[in-house]
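Colleague: the following comprises the amino acid sequence and a computationally predicted model.
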Amino acid sequence: MPNTLPKPAGALHGLKARLRSTFSAFSRDARGTVVVLYAMALVPVVGLTGAAIDYTRATDAQVNFQAAADAAVLAATTASLPTLQAREDLARQVFGAHAPDPGHTLENLSLSETENGYQLSVTGSVDSTLLEVMHIDTVRFGVESSAVAAGEPLEVAFVIDATNSMLRGSRWQTAYDSLDAMLDTLNRSTRGPGDLIVTVVPMGDTVNIGSHRQDWVWGLEGQDEGTWPAQADPLDADDWDGCVFAREEPTAENPYHLSDAPHDDFLFEVMDQDERNHAYEGRGSRQFKCPHEVIGPMEDVNEVMRQVDRIRAAGTGRFDQGMAWGWRAVSSRWQDAWEIEDHPNPEVQRRKVVVFISDGKSTMEEWRFDGVQEWGYNNAGTEMLGNLVDVCDQAKEDGVTVFTLFVEGNRHARSYMEDCASSATHFYDVTRNEDMADAFQTMGVELSNARLVR
């Protein structure tokens, strides 16, 4: 709320001048004790009147400061910013926007960390008016406001397009910093161990589930080959990097259907990093690249970010497969499969969220789908993007909240990613680095559920 305190009016200045003149006159007047007594009596009267006026002004300013401090500490608590100083700078900016009137002075503003949030301390003053007669030039006051991020237990998977077009330049650094700050906010919002479990799925030509998960796959030497296709050529386990094919489950309506069926229901086929055009003959050859393995699920957000920092670009994007693994990271059908006890939990115990981030650029349509890139090279196609929406729809029906960040790139992918999101407010159109930071901050606000505790 803007401060509406006025500066002292001209009449008030005139009153002060007349009072000074009166005191001066009293000092020169020698007409008797009545004048002296009158002057002596006038001093406390003026003092009391001045105190009432000036302290009323200070109280009004203090109320204004408190409202501004409340807005500022909420902004600082929910912001996706990497340092305490950056949060304090934001708090100062928000405070100034809510208390801009020059009728008071901001003397000090400082932000400090608390167990689950932040505390803002502000001191200020107003210039005195009548109290100046008593040599009191200013009236000082202070306010404090604290906020916590009291979020509900949360399982969140970030599906990140880890391809050349996404990981270049400042956009990746902005995404990294914004993710780091958002995870810090969410971590502060949780009430205890197990209340925040994070997974990051780097998405390239395929998804890397980790070479230690050999019981999730088929196609390695030494495994039971009884159910393998006749033409299968076993791969030495030491040569497997952890990447798998998408595990399509064709239906009458969708030949590329992907589900959240757990690995013990339906194994995944291993992918050799040197594998050439495995699924579709006659389209030339291409060496598929294996991205960084899935990070998590884990509770240690600092370790998550250490591993995210090691992600490197790996080929083009298979969007539907990346989204499917984000869903599997929070699907209750995968309970205990991820080596974390009771994870994923039923929806009633933890909120489930998938955040999908991509620029929509890909050549995968040429190699894995119908071979048609309707919008030209590296602009994906309707088959894969349509399948992405299908996976999103299944996840949403399963109770998962889906956020999508469309980073400026393939404009034809925008509408598909908008359809993928849980609602229009869960979709973010990112054209500048500032948009990326704002998107992560807005998501952090919703998921952390920040509130005042002063």
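Modeller: Looks like it came in fine. Computed from a predicted structure; not experimentally measured.
Colleague: Ile295 contacts Arg306, correct?
Modeller: No - contact between Ile295 and Arg306 fails when scored by CB atoms under 8 Å: they sit 9.3 Å apart. Quick note: C-beta positions are derived from backbone N, CA and C, even for glycine.
Colleague: so between these two, which is more surrounded?
Modeller: Ile295 (23 against 11; other CB atoms under 10 Å).
Colleague: once you drop chain neighbours, what's closest to that one?
Modeller: Computed as CB to CB, 6 or more residues apart in numbering, the closest residue to Ile295 that is not its neighbour in sequence is Val200, at 4.0 Å.
Colleague: can you check Thr185 too?
Modeller: In space, Thr185 is closest to Gly444, 4.4 Å off (CB to CB, 6+ apart).
Colleague: dump the helix or strand where the one you found lies to PDB, keeping only the CA atoms.
Modeller: Assigned by DSSP states H and E, Gly444 belongs to helix 433-448. The C-alpha trace of helix 433-448 is given here as PDB (Å, rounded to 0.1, in the frame of the first residue of the first chain):
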ATOM      1  CA  ASN A 433      16.400 -15.100 -19.800                       C
ATOM      2  CA  GLU A 434      14.200 -13.000 -17.500                       C
ATOM      3  CA  ASP A 435      11.100 -15.000 -18.600                       C
ATOM      4  CA  MET A 436      13.000 -18.200 -17.500                       C
ATOM      5  CA  ALA A 437      13.700 -16.800 -14.100                       C
ATOM      6  CA  ASP A 438      10.200 -15.500 -13.700                       C
ATOM      7  CA  ALA A 439       8.700 -18.900 -14.600                       C
ATOM      8  CA  PHE A 440      10.800 -20.800 -12.000                       C
ATOM      9  CA  GLN A 441       9.900 -18.200  -9.400                       C
ATOM     10  CA  THR A 442       6.200 -18.500 -10.100                       C
ATOM     11  CA  MET A 443       6.400 -22.200  -9.900                       C
ATOM     12  CA  GLY A 444       8.200 -21.900  -6.600                       C
ATOM     13  CA  VAL A 445       5.500 -19.700  -5.200                       C
ATOM     14  CA  GLU A 446       2.800 -22.100  -6.100                       C
ATOM     15  CA  LEU A 447       4.600 -25.200  -4.900                       C
ATOM     16  CA  SER A 448       6.100 -23.700  -1.700                       C
END
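Colleague: which strands or helices does that helix pack on?
Modeller: Under the contact criterion of 3 or more CB pairs under 8 Å, 6 or more residues apart in numbering; DSSP states H and E, helix 433-448 touches helix 33-78, helix 169-189, strand 351-358, strand 401-407, strand 427-430.
Colleague: for Val159, which of those is the nearest?
Modeller: Shortest distance between Val159 and the helices and strands packed on helix 433-448, using CB to CB, is found for strand 351-358: 4.7 Å.
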